[in-house]
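> give me a 3D structure for the following:
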Amino acid sequence: MHTNAHRSIPTRAPSPSIDRRYECGRRAYDIYGARKFRWEQKDEYGVYRDESGYARSVAGEMIPVTKDNIRKILERTSLFEESHICPPEHATSFTPTKLAPEIYTKDEINEMMTGICGAQEKLGDELKTLVDDTYQPLERGYNELFRSMAKMRTEIESMQHILEKEATTSPSIDIKPQTSQIPARPESLAEKKDEWEIAYINTKINDVYNPLNKNVDWLSTRIDLLQQDLDTIRKKDQ
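Predicted structure coming up:
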């Protein structure tokens, strides 16, 4: 039985479909071969744009705009006063306005200067009064402490001198000399008693003197700070 084998007719390799052609990385034609983009249409600003909003030329390629281009545009617009970058349809809404210079008369200028000088003098007087109200009580307390310390120092030195004199005073003639049978313990007790009294007095002196000395140091520091503040205020007034 003879059979005729069906031979395939060689055909050319299929050409790439029209819907696979790309332009700028995007498919430019749909499945029916219609062009997706219409470059001949402009937007409201007179610029050709694709569906993604990118500006393109009439031929379809993207229009590159670099930072240098933008910088040059801004530099050019800054050459003109009252310049604005805006869409064309909004350009008429901007009206250049210039502030008219204010003109003052000589009397008005003198009045303003008098007010400024008067305000400065008033501020200086108020600051001086404030400083005096703070500084004078501190100065009075400072002087009072110095007088009290000087008086107390004199009394302390007098007491120490008396104690030293009593400790070194020789025994009286009326007192009979002690025999060898009497121990020297009372004399040593008297000396220890004098030492205890001196130590006690010195402790009391330190308890009074040290707080006074600290108060004087604090007042001195406070007065120096107030003097610095006063100098700063005077410099500002000048």
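> what number of residues lie near Phe146?
13 (other CB atoms under 10 Å). To be clear about C-beta, it is placed using only N, CA and C from the backbone, and glycine gets the same treatment.
> one more: the one 10 residues further on?
The criterion is other CB under 10 Å. On that basis, Ile156 has 16 neighbouring residues.
> so it, which state does it fall into?
Secondary structure, DSSP: H, G, I helix; E, B strand; the rest coil: Ile156 is helix.
> my read is that it contacts Lys204, right?
No - look at Ile156 against Lys204 with CB atoms under 8 Å: they stay out of range, at 9.3 Å.
> what touches both of the two?
Listed as contacting both Ile156 and Lys204 by CB atoms under 8 Å, 6 or more residues apart in numbering is no residue at all.
> now the helix or strand containing Gln227: average pLDDT?
Taking DSSP states H and E as the criterion, Gln227 maps to helix 185-237. Taken as a whole, helix 185-237 carries a mean pLDDT of 70.
> what's the answer for stretch 123-142, then?
Average pLDDT, stretch 123-142: 78.
> just the CA atoms of that stretch, as PDB, please.
This file holds the C-alpha atoms of stretch 123-142, laid out as PDB (Å, rounded to 0.1, in the frame of the first residue of the first chain):
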ATOM      1  CA  LEU A 123      16.900 101.500  81.500                       C
ATOM      2  CA  GLY A 124      20.300 102.600  82.800                       C
ATOM      3  CA  ASP A 125      18.700 104.300  85.800                       C
ATOM      4  CA  GLU A 126      16.600 101.200  86.600                       C
ATOM      5  CA  LEU A 127      19.600  98.900  86.300                       C
ATOM      6  CA  LYS A 128      21.700 101.200  88.500                       C
ATOM      7  CA  THR A 129      19.000 101.300  91.200                       C
ATOM      8  CA  LEU A 130      18.700  97.500  91.100                       C
ATOM      9  CA  VAL A 131      22.400  97.100  91.500                       C
ATOM     10  CA  ASP A 132      22.600  99.600  94.300                       C
ATOM     11  CA  ASP A 133      19.700  97.900  96.100                       C
ATOM     12  CA  THR A 134      21.700  94.600  95.900                       C
ATOM     13  CA  TYR A 135      25.200  95.900  96.400                       C
ATOM     14  CA  GLN A 136      24.800  98.300  99.300                       C
ATOM     15  CA  PRO A 137      23.300  95.700 101.800                       C
ATOM     16  CA  LEU A 138      26.100  93.300 100.900                       C
ATOM     17  CA  GLU A 139      28.700  96.000 101.400                       C
ATOM     18  CA  ARG A 140      27.200  96.900 104.800                       C
ATOM     19  CA  GLY A 141      27.200  93.200 105.900                       C
ATOM     20  CA  TYR A 142      30.700  92.800 104.600                       C
END
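> got a list of contacts for that stretch?
Against stretch 123-142 from outside (CB under 8 Å, 6+ apart): 216, 219-220, 222-223, 226, 229-230, 233, 237.
> and if we set it to 6 Å?
219, 223, 226, 230, 233, 237 (CB atoms under 6 Å, 6 or more residues apart in numbering).
> just put those in CSV and tack on distance to Ile109 and neighbour count.
Shown next, in CSV, are those (distance: CB to CB, whole Å; neighbours: other CB atoms under 10 Å):
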residue, distance to Ile109, neighbour count
Leu219, 49, 17
Ile223, 43, 15
Leu226, 38, 15
Leu230, 33, 17
Ile233, 28, 16
Asp237, 22, 12
